[in-house]
Structure formats: C-alpha cells, structure tokens
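>>> coords below, sequence missing:
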C-alpha cells in the first residue's frame with residue numbers, strides 16, 4: 001500500500017507544481033474512489049498532508065515579503081472558529097467505528113462532490129469573477145465622485161464591508177475544509193480575487209496559502225485526535241509529492257497553462273458528478 005500512496009502523492013504533486021492548484025481537490029477523491037480509503041481517513045490524512053506541503057510555499061512567499069498578512073488574518077478570524085466548531089460537532093456525533101465510517105461517508109461524499117463542482121466553477125470563471133469584483137470595488141468611488149457621499153466615508157464603508165465579507169468567506173471555507181479537506185485552495189483564492197481585485201494576483205495567492213496552513217493544521221490535528229489520520233499514508237503521500245511538486249513547477253513554464261487549467265476543471269467536474277451520483 002505504501003507504494004500506491006507514493007504514486008498517488010507523485011501524481012497530485014506534479015499537478016500542483018504545474019498548475020498551482022489541485023492538491024486537496026484531487027487527493028481526497030483519488031484516495032476514496034481509486035484506493036478505497038475510508039472517507040474520514042482520507043480527509044484527516046489529506047489535511048495534515050496539505051498543512052505540511054503548503055508551509056514550504058508560505059515560507060518562500062514570506063521571505064520575499066509578498067504576503068499581505070491582514071487578509072489571511074481576516075480569513076482566519078472566520079475559518080479557525082468554524083473549523084473548531086465543526087470538529088466539536090464531529091466529535092459529539094462520533095459513534096462506534098463501523099457506524100462512523102458509513103455515516104461519515106454518507107455526509108462527506110455529497111459535500112465533497114459539491115466542493116469539487118464549486119472548485120471547478122471557481123477555476124473556470126476566475127477572470128469573470130475578478131472582473132465582477134473590480135466593478136463592485138469601483139461603485140463606492142463612483143458614488144463619491146457623483147456627490148452621493150464623501151470619498152473617505154465611501155472607502156471606509158467599503159473596506160469595513162470587505163473585512164466582514166472576508167471573515168464570512170473564511171468561516172464557510174473553514175467548515176468546508178474540515179469536512180471535506182477541499183476549499184482552502186482554488187475556492188479561497190477566487191473569493192479573494194473578487195473581494196480584493198486591485199491586489200496583485202501573486203499576493204492574493206500568497207494570502208490564501210498563508211491562511212490555508214493554520215486552517216489545515218488545526219483541522220488535521222482535530223481529525224488526528226479522532227483517530228482518522230493514517231501515518232503510513234501520510235508518509236507515502238509526502239515521499240511522492242515533495243519531489244513531484246518541484247518537478248512540475250520546473251516544467252510549468254513550458255506547459256500550456258490554459259490547457260492544463262481546463263483539463264483540471266474537467267477532472268474536477270467528473271469527480272464531483274461521480275461523488276454526487278455514485
């Protein structure tokens with residue numbers, strides 16, 4: 001089984017390195033659908049896997065000084081309490097092992113399918129979503145210029161609303177990630193593209209990554225406390241993915257980004273539909 005986990009980690013790691021997305025979105029369905037791993041174990045193990053692999057990226061971005069720390073802190077203000085509340089609910093619901101596996105599968109399977117479809121939509125319509133964000137951000141300035149309000153008041157109100165929206169998005173992602181391990185990547189990034197369209201894309205990617213590390217670590221440790229983390233699986237995934245991520249990143253500039261993105265969208269759609277109507 002260790003070899004299967006290494007190969008699975010290598011496949012997903014290459015896709016992550018080549019495209020920058022796809023880790024949690026592909027790993028959990030790959031483990032559950034192809035390798036027959038119980039859903040709660042796949043989710044718990046993938047969460048710790050994500051926390052470890054994403055931390056290297058955060059360190060790199062932090063050294064370059066391009067992480068806008070206010071944004072991940074706002075997201076964490078919503079996601080961390082939501083993750084803890086979700087873990088508490090799972091802990092309270094936790095029946096005997098055999099019943100838990102079947103009941104968790106009944107919950108996580110449609111939730112995971114929906115999360116994959118959301119991720120596919122976020123990737124497919126990323127540019128359009130960012131354009132909507134730009135138009136929404138321009139509205140307070142246009143109102144101020146038309147004499148409908150003072151510029152400073154308009155900007156302050158817009159920023160306050162954006163902060164609350166960021167916290168709310170963080171809460172939704174926190175609950176979704178804790179249940180399915182999906183959502184901290186593509187969904188979080190595209191949400192930030194809408195909320196902060198004027199911030200450079202590279203900084204938003206860094207912000208989402210910085211937010212994902214503590215979220216997946218807390219959620220993963222919570223699952224470990226429930227006994228739903230497989231150490232052998234985690235080791236195999238890391239052994240396969242870490243060199244594959246570097247290899248994929250090295251080839252990313254030579255690969256057609258648009259074709260890769262739409263291939264990933266198609267894969268996520270197929271996996272999501274399979275999980276919803278299995």
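Structure received. Remember, predicted model here, so these are calculated numbers, not experimental data. Numbers count the residues shown, from 1 in each chain.

>>> From here on, just use CA atoms for contacts and neighbour counts.
OK.

>>> Distance-wise, check the residue nearest to residue 126 when sequence neighbours are not counted relative to residue 128.
Distances taken as Cα to Cα, 6 or more residues apart in numbering place residue 190 nearest to residue 126, at 6.1 Å, with adjacent residues excluded. Per Cα to Cα, to the nearest Å, residue 190 is found 10 Å from residue 128.

>>> neighbour-wise, which of those two wins?
A direct count of neighbours by other Cα atoms under 10 Å for residue 190 and residue 128 places residue 190 higher, at 25 against 13.

>>> Sticking with that one, tell me its helix or strand.
Residue 190 is part of helix 186-195, with elements assigned from DSSP states H and E.

>>> Can you give the contact residues for that helix?
Under the criterion Cα atoms under 8 Å, 6 or more residues apart in numbering, residues 21-22, 118-119, 122-123, 126, 129-134, 162, 165-166, 169-170, 173, 201, 204-205, 208 lie in contact with helix 186-195.

>>> if we go to 6 Å?
Among residues not part of helix 186-195, those counted as contacts by Cα atoms under 6 Å, 6 or more residues apart in numbering are 119, 122, 129-130, 133, 208.

>>> helices or strands up against whichever strand or helix holds residue 236?
Residue 236 is located in helix 231-251, with elements delineated by DSSP H and E. Here helix 231-251 touches helix 2-19, going by 3 or more Cα pairs under 6 Å, 6 or more residues apart in numbering; DSSP states H and E.

>>> Tell me where the stretch 1-150 of the chain is predicted with low confidence.
19-24, 94-101, 137-150 (pLDDT under 70).

>>> circling back to that earlier point, where's the residue nearest to residue 126 relative to residue 255, distance?
Residue 190 is 22 Å from residue 255, where distance means Cα to Cα.

>>> ok, back up a step: list the buried ones in the helix holding residue 236?
Using 16 or more other Cα atoms under 10 Å as the test for burial, helix 231-251 gives 233-242, 244-249.

>>> Show me what secondary structure element comes after it.
Following helix 231-251 toward the C-terminus (DSSP H and E): helix 257-276.

>>> Give me the contact list for that next one.
Counting by Cα under 6 Å, 6+ apart, 109-110, 113, 116-117, 120 sit against helix 257-276.

>>> Closest one of the residues you listed to residue 11?
The closest of the contacts of helix 257-276 to residue 11 turns out to be residue 116 (Cα to Cα; 17.9 Å).

>>> which SSE is the closest one in?
helix 97-124.

>>> circling back to that earlier point, rounded mean pLDDT for the helix holding residue 190, please.
Averaged over helix 186-195, pLDDT sits at 85.

>>> Below-threshold pLDDT in the stretch 151-278 of the chain: ranges please.
151-158, 252-253, 257, 278.

>>> helix, strand or coil for the residue lying closest to residue 134 once chain neighbours are set aside?
Excluding the flanking residues, the one nearest residue 134 by Cα to Cα, 6+ apart is residue 197, at 5.4 Å. Three-state assignment for residue 197 (DSSP: H, G, I helix; E, B strand; the rest coil): coil.

>>> List the residues that contact residue 197.
Applying Cα under 6 Å, 6+ apart, we find residue 197 in contact with 130, 133-134.

>>> swap the cut-off to 10 Å and go again
Taking Cα atoms under 10 Å, 6 or more residues apart in numbering as the contact definition, residue 197 lies against 129-137, 190-191, 204.

>>> do you know how far residue 265 is from residue 178?
From residue 265 across to residue 178, the span is 23 Å (Cα to Cα).

>>> Residue 45 is in contact with residue 180, correct?
No. Between residue 180 and residue 45 there is no contact under Cα atoms under 10 Å: 11.1 Å.

>>> which neighbours do those two share?
Residues touching both residue 180 and residue 45 (Cα under 10 Å, 6+ apart): 28, 39.

>>> quick one: contacts for the residue nearest the centre of the chain?
Using Cα atoms, centre = their mean, the residue of the chain that lies closest to the mean C-alpha position is residue 184, 1.8 Å off. With contact set as Cα under 10 Å, 6+ apart, residue 184 has these partners: 23-25, 50, 79, 119, 170, 173-174, 176-178, 208-209, 211-213, 215-216.

>>> Show only the entries of those residues found in helices.
Among those, the members falling in helices (DSSP state H) are 23-25, 50, 79, 119, 170, 173-174, 176-178, 208-209, 211-213, 215-216.

>>> picking up where we left off before, of the contacts of helix 257-276, which pair is most distant in space?
Among the contacts of helix 257-276, the pair separated by the greatest distance (Cα to Cα) is 109 and 120, at 16.6 Å.
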